[in-house]
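Engineer: Pasting a predicted model and its sequence here:
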Amino acid sequence: MRSISGTTIVSVLEDQQNLLVDGFIDNIGAGIPTTASTFAIGATLTDKSTGICYTNSGTVAVPVWTRLATSNNTDPQVVQLAVVTQTAAQMILTTAGTLSHAQGLIVVPAAPTGFVNILHRAIVSYTFATAAFTGGGNTTFNIGGGGAALTGLIATTTLWQNASSIIQEFVPLSTVAFPITTATSINLVTASAITNPGTAAGSCKVYVWYSQVAI
């Protein structure tokens, strides 16, 4: 382990040419140094002040630092993907947090206090099997806990009652201004409960791309 002269970088792993392979920097500040013949190709540095990692995607002579994908724990504002799968039995449940409940299926859990979930895009992939469901209603992604719709609607006849498999993209509403609520979930809501006439065996997968932003 050694300090890189003139920087706050500490090298914890080096290659045979004494090039940094893995290390830490106290605070990225204005940027990571790009000193030639110091960093190996693919070298990684972790910013100790944020926990965010960077890699040298350039060369030994001309390092280029690229931020790596990171977790919600270290950087809550990156775009994340939530995926929820629903079986035929789960789709017709009406208990809190489920798809046929009045407040819908919780896809993205409530954001922590002081944060808001921002919806970027959403997809529902419905797989038909044996027979169509009945019931259901116009479907949207909503602010959790009975909040307003975040997307345009898709009719139940083209989604839950469909007699074939279908993939539907939900587009966030486009308005001049739109109220959002902190510390709430993102829910998939159908206006009325989905019902099974007896042999419906379809299933669905729900995909939501979102960010958590400190407010």
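Structural biologist: Received the coordinates, thanks. Keep in mind the model is a prediction, meaning the values are calculated, not measured.

Engineer: and V21, helix, strand or coil?
Structural biologist: Using DSSP: H, G, I helix; E, B strand; the rest coil, the structure places V21 in strand.

Engineer: right, I mislabeled it, should have said I167
Structural biologist: Following three-state DSSP, I167 is assigned to strand.

Engineer: How much space separates it from K48?
Structural biologist: As judged by Cβ to Cβ, to the nearest Å, I167 and K48 stand 43 Å apart. Where C-beta positions appear, they are placed from N, C-alpha and C, glycine not excepted.

Engineer: most centrally placed residue in the protein?
Structural biologist: Central residue of the chain (Cα atoms, centre = their mean): Q80, 2.0 Å from the mean position.

Engineer: That residue against I186, yeah?
Structural biologist: No. Using Cβ atoms under 8 Å, Q80 is not in contact with I186; the gap is 11.2 Å.

Engineer: so what sits against both of the two?
Structural biologist: Common neighbours of Q80 and I186, counting by Cβ atoms under 8 Å, 6 or more residues apart in numbering, are Y210.

Engineer: got a list of contacts for the helix or strand of the chain with the lowest mean pLDDT?
Structural biologist: When each helix and strand of the chain is scored by mean pLDDT, DSSP states H and E, strand 65-67 comes last, with a mean of 82. Residues from elsewhere that reach strand 65-67, judged by Cβ under 8 Å, 6+ apart: 31-32, 34, 45, 52-58.

Engineer: any residues touching the helix or strand that that strand is followed by, and which ones?
Structural biologist: Later in the chain than strand 65-67, the nearest helix or strand by DSSP states H and E is strand 80-86. Residues from elsewhere that reach strand 80-86, judged by Cβ under 8 Å, 6+ apart: 72, 99, 105, 107-108, 186, 203-212.

Engineer: make it 10 Å
Structural biologist: Applying Cβ atoms under 10 Å, 6 or more residues apart in numbering, the contact partners of strand 80-86 are 69, 71-72, 90, 92-93, 98-99, 105-109, 117, 120-126, 185-186, 188, 194, 202-212.

Engineer: now do stretch 91-99
Structural biologist: With contacts defined as Cβ under 10 Å, 6+ apart, stretch 91-99 is touched by 84, 86-87, 90, 100-107, 109, 126, 133-136, 139, 144, 160, 185, 187-190, 193-196, 200, 202-204, 206.

Engineer: Now do the buried residues in it.
Structural biologist: Within stretch 91-99, the residues that count as buried by 16 or more other Cβ atoms under 10 Å are 91-93, 98-99.

Engineer: swap in stretch 182-200?
Structural biologist: Applying 16+ other Cβ under 10 Å to stretch 182-200 flags 184-190, 193-196, 200 as buried.

Engineer: could those go into CSV alongside pLDDT?
Structural biologist: Output for the buried residues of stretch 182-200, formatted as CSV (pLDDT from 0 to 100):
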residue, pLDDT
T184, 93
S185, 93
I186, 95
N187, 96
L188, 97
V189, 98
T190, 98
A193, 98
I194, 98
T195, 98
N196, 98
A200, 98
